[in-house]
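Participant: Build the 3D model from these lines:
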Amino acid sequence: MNKVFAIMVFIGVPISVIGSLLHWPSVLMFIIYCLTIVALASFMGRATESLAIVAGPRIGGLLNATFGNAVELIISIFSLQAGLTGVVLASLTGSVLGNLLLVAGMAFFIGGVKYKRQKFNVYDARHNSGLLIFAVIVAFVIPVVFSVNLTEAKTMNLSVGISIILIILYLAALFFKLVTHRGIYQDPESKQEEHEEEPEWGKGKSILVLAVATLAVAYVSENLVHTFEAVAKSFGWSELFIGIVIVAIVGNAAEHASAILMAYKNKMDIAVEIAFGSTLQISMFVAPVLVILSLFFNPSMPLVFTLPELVAMATSVLLTIVLANDGETNWFEGATLLAAYIIMGIGFYLL
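Facilitator: Residues are numbered from 1 along each chain as shown. Alright, predicted model coming up:
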């Protein structure tokens, strides 16, 4: 399978470049771009697995989420420059829903089909649960509630203030997990398994592969975005549906594939860290950074989501916390998360 993905990368990337330069049909290029991103994601998954063995699941999952979210950050900055603030907020919503319901759901389901019962670090799950409640239910709700009685300028000031607090708390959370409390809440059994396994690649090569694959995914993803309008007309998709479902899935394809691969190999600590860690990074770092960067563009982007977006994110956080807070999972819990994602997808499609 690795050879197949390698062939897809070496063929898909050049064809993606040639097709974009020669302006091949959008629907054809949409398919080529998607297949190329999936193949590149396989390399990112292998690099993540090697890093997790060498440096631990937390750092491995964090690096995978960071490189994966870098793609979405780049696409969002271009969208802000073009004044598409609604699409950016929709894609951020889609990332939260996609990571918590689709990625975690697929990981739980596929891993659960192969293994009757899968365990992961319950302490990390509870720590992430508290941050998710703060980031999505507290920090995202406050601007919407207060914006009703505030002017546009004051709403933007409130959004910037909340964004700065989110970034500071996110950096503090990383310091807590990776420095002051690293290893304190570690599961001894999983730690022993990690030491016994040999990584496919060394730390340097793994980081290099992640970086190069991320750049390639960023290039292909940016071109993929330009095909959405034509593809949407062909399939009858709305702009909101594209932003929340399609852009989010494609922009986070790398960590999607990595989390599912880790769950299939019964490495749930890494899978959960990718899904939860990516959500936290989107909500506590990427979104605030975009709000601050939007001050240099016109119009600026306050941290104010629509009511359907806000309700969808809040309910996905609550459902994920209820299912994952015990540190165990199975295929039925994965199916529950996927069902919730499909219901919300239908709602946004019809909206």
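
Participant: Can you name the next helix or strand after the strand or helix carrying Leu224?
Facilitator: In this assignment (DSSP states H and E), Leu224 forms part of helix 203-225. Sequence-wise, the next helix or strand downstream of helix 203-225 (DSSP H and E) is helix 228-235.

Participant: got the angle between that next one and helix 203-225?
Facilitator: Here helix 228-235 runs at an angle of 60 degrees relative to helix 203-225 (axes from the mean of the first three to the mean of the last three C-alpha atoms, to 10 degrees).

Participant: Alpha carbons of helix 228-235, in CSV - could you do that?
Facilitator: What follows is helix 228-235 as a C-alpha-only set of coordinates in CSV (Å, rounded to 0.1, in the frame of the first residue of the first chain):
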residue,chain,number,x,y,z
PHE,A,228,-15.1,24.4,-5.8
GLU,A,229,-17.3,26.9,-7.6
ALA,A,230,-17.5,24.8,-10.8
VAL,A,231,-17.9,21.6,-8.8
ALA,A,232,-20.6,23.2,-6.6
LYS,A,233,-22.6,24.2,-9.7
SER,A,234,-22.2,20.7,-11.1
PHE,A,235,-23.5,19.0,-7.9
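
Participant: Give the other helices and strands that it contacts.
Facilitator: Helices and strands touching helix 228-235, as assessed by 3 or more C-beta pairs under 8 Å, 6 or more residues apart in numbering; DSSP states H and E, comprise helix 26-55. Heads up, the C-betas are built off the backbone N, CA and C, glycines and all.

Participant: which helices and strands does the helix it packs on pack with?
Facilitator: Counting by 3+ C-beta pairs under 8 Å, 6+ apart, helix 26-55 packs on helix 2-22, helix 57-81, helix 203-225, helix 228-235, helix 247-251, helix 253-264, helix 268-281.

Participant: Single out the most deeply packed of those helices.
Facilitator: helix 268-281 (a mean of 30; mean count of other C-beta atoms under 10 Å).

Participant: pLDDT on that one, on average?
Facilitator: For helix 268-281, mean pLDDT is 87.

Participant: got a list of what the residue nearest to Ala211 when sequence neighbours are not counted touches?
Facilitator: Distances taken as C-beta to C-beta, 6 or more residues apart in numbering place Phe67 nearest to Ala211, at 7.0 Å, with adjacent residues excluded. For Phe67, the contacting residues are 44, 210-211, 213-214, 254, by C-beta atoms under 8 Å, 6 or more residues apart in numbering.

Participant: Columns pLDDT on top of the residues you listed, output as a markdown table?
Facilitator: As requested, the contacts of Phe67 are exported to a markdown table (pLDDT from 0 to 100):
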| residue | pLDDT |
| --- | --- |
| Met44 | 77 |
| Leu210 | 82 |
| Ala211 | 85 |
| Ala213 | 86 |
| Thr214 | 80 |
| Ala254 | 64 |
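
Participant: how many neighbours does Leu100 have?
Facilitator: For Leu100, the neighbour count with other C-beta atoms under 10 Å is 28.

Participant: State the distance from Ile31 to Ile15.
Facilitator: Per C-beta to C-beta, to the nearest Å, Ile31 is found 11 Å from Ile15.

Participant: Would you check how far apart the closest residue to Phe43 other than its chain neighbours and Pro25 are?
Facilitator: For Phe43, ignoring the flanking residues on the chain, the nearest one in space by C-beta to C-beta, 6+ apart is Ala213 at 4.8 Å. Plainly put, Ala213 is 26 Å away from Pro25 if you go by C-beta to C-beta.

Participant: which ones are touching Leu293?
Facilitator: Applying C-beta under 8 Å, 6+ apart to Leu293 gives the contacts 77, 80.

Participant: which SSE is it in?
Facilitator: Per DSSP H and E, Leu293 falls inside helix 287-293.

Participant: Pull the residues that contact the helix or strand harbouring Leu158.
Facilitator: For Leu158, the host element (DSSP H and E) is helix 152-175. Residues from elsewhere that reach helix 152-175 (C-beta under 8 Å, 6+ apart): 62, 127, 131, 134-135, 139, 142-143, 146-147, 150, 280-281, 283-285, 287-289, 291-292, 295, 300-304.
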